[in-house]
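Engineer: just a sequence and a predicted model for now, questions to come.
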Amino acid sequence: MERKLKTIYSCFPGGKHKVLTMSYDDGRIFDKRLVELFNQNGIKGTFHLNSGLAEWREEKVRLNELAEVYKGHEVSCHTYTHPTIERCPLDQVVQQIIEDRKILEDAVGYPIRGLSYPNGSYSSDIKKLLPACGIEYARVVGNTDDFGFPDDYLEWKSTCHHGHNLMENARRFADLHKTQYLYMMYVWGHSYEFDRDDSWNLIEGFCEFIGNRDDIWYATNIEIVDYMNAAKNLKFTAKGDKVYNPSAIPVWISVDLEKYEIKPGELREI
């Protein structure tokens, strides 16, 4: 007798069940070395920048360099001048975000849709403003030491700062093999900290250990948001024998342990 119900799971690209993403703030020149390290190990990062500081603060990546320096990664908003925004008038918070977006978008040529809160500062009122400012996710400070997904992408807390249990978390993440779950390791920090603390060996060892693995999807912050939204938007028949993907990106699923790629606009039997 044929089973009435199939077990259908969302997967990451390639049918994978683990994703790694990196998140770095402030746009200091040390990002250049960090990006090279990521590229060598197949790792992707999101870099949150203050466009109002890029041209006059020392040791900043300049606006005319952004597209080349961060090619293959994501440039994200960090406000125009990095104020502690919970103390600012809300109309000024809007302007800090919108002005930063406009300048960064001119520099890199694509929509800026993410944010990390400067100085970790935010409020419920600020969160409510973000969708109207074109912001779809925002990172807070702190560590979860966990590999789950946020309930609210506008209050996205990382697994760890790179100075907090980095290799311990990396080893635990590498050992995760239960494919009935989706796991995410999210690391954040500032690249200047490696120079200040003489700890480049820490991030080099991490990237060499966790990079270039066949069972991990390496993604930027916005790629994760887009993919999870597309996965949630798949349309299944009530019998679970067909699926339609109305999104613009391919989505992978597992059906009774068999992996399927559902291409954009595709209706297929499963």
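Structural biologist: Nice, I can see it.

Engineer: Lys18: how many residues sit nearby?
Structural biologist: Neighbourhood size, Lys18 [other Cβ atoms under 10 Å]: 21. Heads up, the C-betas are built off the backbone N, CA and C, glycines and all.

Engineer: then Val94?
Structural biologist: The burial count for Val94: 16, using other Cβ under 10 Å.

Engineer: wasn't it part of a helix?
Structural biologist: Yes: when classified by DSSP: H, G, I helix; E, B strand; the rest coil, Val94 is found to be part of a helix.

Engineer: any idea how far Thr84 is from it?
Structural biologist: 16 Å (Cβ to Cβ, to the nearest Å).

Engineer: can you pull up the bridge partners for Cys11?
Structural biologist: On the basis of DSSP bridges, Cys11 is bridged to Trp252.

Engineer: return the residues in contact with the residue nearest the centre of the chain.
Structural biologist: Geometric centre of the chain, nearest residue: Asn221, 1.4 Å, by Cα atoms, centre = their mean. Shown in contact with Asn221 (Cβ atoms under 8 Å, 6 or more residues apart in numbering): Thr21, Ser23, Thr46, Glu74, Ser76, Gly114, Tyr137, Arg139, Trp156.

Engineer: what about it, distance to Trp156?
Structural biologist: Where Trp156 is concerned, Asn221 sits at a distance of 8 Å (Cβ to Cβ).

Engineer: which residues are common contacts for these two?
Structural biologist: In contact with both Asn221 and Trp156: Tyr137, Arg139, using Cβ under 8 Å, 6+ apart.

Engineer: ok, His190 - contacts?
Structural biologist: Tyr24, Asp25, Asp26, Arg28.

Engineer: ok, so of those, who is nearest Ile126?
Structural biologist: Closest approach between the contacts of His190 and Ile126, by Cβ to Cβ: Asp25, at 17.2 Å.

Engineer: got the confidence number for Ala54?
Structural biologist: Listed pLDDT for Ala54 reads 87.

Engineer: Tyr227 contacts Val251, correct?
Structural biologist: Yes: Tyr227 is within contact range of Val251, at 7.3 Å (criterion: Cβ atoms under 8 Å).

Engineer: who's more crowded, those two?
Structural biologist: Neighbours per residue, other Cβ under 10 Å: of Tyr227 and Val251, the larger number sits with Val251, 25 against 21.

Engineer: surely that one meets Gly265?
Structural biologist: No: between Val251 and Gly265 there is no contact under Cβ under 8 Å: 11.4 Å.

Engineer: SS state for Lys178?
Structural biologist: coil.

Engineer: quick one: common contacting residues for Val251 and Gly265?
Structural biologist: Joint contacts of Val251 and Gly265 (Cβ under 8 Å, 6+ apart) are Asn245.

Engineer: distance to Phe147 and neighbour count for the contacts of Asn221 - can I get that in TSV?
Structural biologist: Formatted as TSV, these follow (distance: Cβ to Cβ, whole Å; neighbours: other Cβ atoms under 10 Å):
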residue	distance to Phe147	neighbour count
Thr21	11	24
Ser23	15	22
Thr46	18	26
Glu74	20	23
Ser76	22	29
Gly114	20	25
Tyr137	17	21
Arg139	16	27
Trp156	14	23
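
Engineer: so which of these belong to strands?
Structural biologist: Counted as lying in strands by DSSP state E, out of the contacts of Asn221, are Thr21, Ser23, Thr46, Glu74, Ser76, Gly114, Tyr137, Arg139, Trp156.

Engineer: residues in contact with Val61?
Structural biologist: Val61 neighbours (Cβ under 8 Å, 6+ apart): Gly27, Arg28, Ile29, Asp31, Lys32, Leu49, Ala54, Val69.
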